[in-house]
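Visitor: Let me see the structure of the following:
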Amino acid sequence: MKSNKKIIILRLLGAIVTVTSIYFFAPWQFALYYLTPLPSSVQEQTEEAIEQGLDGIIVYIDKRGQPPEHYANGWHNRDKKIPAYHQALFKIASIGKLYNAAALAKLVAQEKIALNNTLGYYLPELVGRIENANKITIKMLVQHRSGIPNFTDTKDFDWSKNYPDLLQLVLDKGADFEPNTEYSYSNTNYILLSKIMTKSLGYDHTQFIKSEILDPLQLENTYFSVKDIELETLMSGYYVGYDDDFKTLEQGYVASAEDVGIFLRALNNGDLFSAQEKDIYASLYEYSHTGWVLGYSSIARYHKDIDTVLIQFVNTTGNDTVLLNKIIYHRLVQTLQKRDI
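Guide: Numbers count the residues shown, from 1 in each chain. Here you go, the predicted model:
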């Protein structure tokens, strides 16, 4: 009984926060949409997403003890009139940080990397080029407490371009704050972590992620680059007001919704780790994530109250679509909770 009351209270608190943010900050049409009655099914919610102006959506649901559910609506490629399909690959952007953090936990357990060693210790060539390199620890990089500027926030960064070395955008720039005094999300931290893992291993860190994470989970539809796939299998990515398809841009991890869902389940229930690795990861990073790159927006979360992993991929960005995606996701969660009663 106490457990049920706790779940109800948490749901109410979550709803209050969501309603408040939408009421005060959302465009009026989104606020009205949020308040409309929930659809009777997940499929109807995906149809509503397209009606709200999104090009395409993929949803994966894994409730423990039940077969996984797959949904897709809208366009996989709107120019070629190819309908969305759930097996399509998608750019998962910052969701990839979960894989990197998991790999790091394994390397720490193997004593190949120490969390209290500094950036300067592993990459001495960056001392003097990244402020506080000899103070910033590996743990600070993982937890976004390094103070290193986010390369996507620099004036020279353009989402629509490919860069040979993104790190060059922040070298010789001042720190945003003293290490470990604040939190500030920075994609630069994870570029540096990738370099550190690769150097510590003596081979590319993506090979380690494949052998230690992807292969054991049989994730055959997860890749590290658009260069590794047949582009036709990748869902097209669009920005409101533009005709361009941004699928050819190099923007990191590519995966199917099912692969991300399997990974997220293993991350949250601990199947991905040994007991030691599990404790290390718990001290390091989070267990869910969102992702955003030009043309691609994603949400990957585990909901303990209904023991369900929910993955949402949307191939439309720009204007207020980030908020719209959050509303759609919240409505999906509510639909699942209602179904679970």
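
Visitor: tell me which helix or strand of this structure sits lowest on mean pLDDT?
Guide: helix 2-25 (a mean of 48; mean pLDDT, DSSP states H and E).

Visitor: Could you name the helices and strands sitting against the next helix or strand after that one?
Guide: Next in sequence after helix 2-25, counting helices and strands by DSSP states H and E, comes helix 28-34. Applying 3 or more C-beta pairs under 8 Å, 6 or more residues apart in numbering; DSSP states H and E, we find helix 28-34 packed against helix 2-25, helix 321-340. No exception for glycine: its C-beta is placed from N, CA and C like everyone else's.

Visitor: mind redoing it with 6 Å?
Guide: helix 321-340 (3 or more C-beta pairs under 6 Å, 6 or more residues apart in numbering; DSSP states H and E).

Visitor: So which residues make contact with the helix it packs on?
Guide: Helix 321-340 has contacts (C-beta atoms under 6 Å, 6 or more residues apart in numbering) with 18, 26, 30, 34, 38, 45, 49, 52, 297, 299, 306, 308, 312, 314.

Visitor: Of those residues, which belong to helices?
Guide: Thr18, Phe30, Tyr34, Gln45, Ala49 (DSSP state H).

Visitor: Show the pLDDT at the last one.
Guide: With respect to pLDDT, Ala49 scores 97.

Visitor: count of residues packed around it?
Guide: For Ala49, the tally of surrounding residues (other C-beta atoms under 10 Å) stands at 26.

Visitor: Show me what the stretch of helix or strand Gly261 belongs to is in contact with.
Guide: Using DSSP H and E, Gly261 falls within helix 257-269. Contacts to helix 257-269, defined as C-beta under 6 Å, 6+ apart, come from residues 58, 60, 62, 217, 219, 221-222, 272, 287, 300, 302, 309, 311, 313.

Visitor: how much does the following helix or strand past that helix deviate in direction from helix 257-269?
Guide: Per DSSP H and E, the first helix or strand lying C-terminal to helix 257-269 is helix 275-282. Relative orientation of helix 275-282 and helix 257-269, computed by axes from the mean of the first three to the mean of the last three C-alpha atoms, to 10 degrees: 100 degrees.

Visitor: List the neighbouring strands of the helix or strand just after helix 275-282 plus their orientation.
Guide: Tracing the chain past helix 275-282, the next element assigned as helix or strand by DSSP H and E is strand 289-293. In the sheet, strand 289-293 lines up against strand 296-303 (antiparallel) (DSSP bridges).

Visitor: mind checking how far the strand it pairs with is from the chain centre?
Guide: 6 Å (C-alpha atoms, centre = their mean, to the nearest Å).

Visitor: Alpha carbons only: can I get that strand in CSV?
Guide: What follows is strand 296-303, C-alpha atoms only, in CSV (Å, rounded to 0.1, in the frame of the first residue of the first chain):
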residue,chain,number,x,y,z
TYR,A,296,16.7,14.3,-35.0
SER,A,297,15.2,14.4,-31.5
SER,A,298,15.1,11.5,-29.2
ILE,A,299,14.1,10.5,-25.7
ALA,A,300,15.1,7.3,-23.9
ARG,A,301,13.8,6.6,-20.4
TYR,A,302,13.0,3.8,-18.0
HIS,A,303,9.8,4.3,-15.9
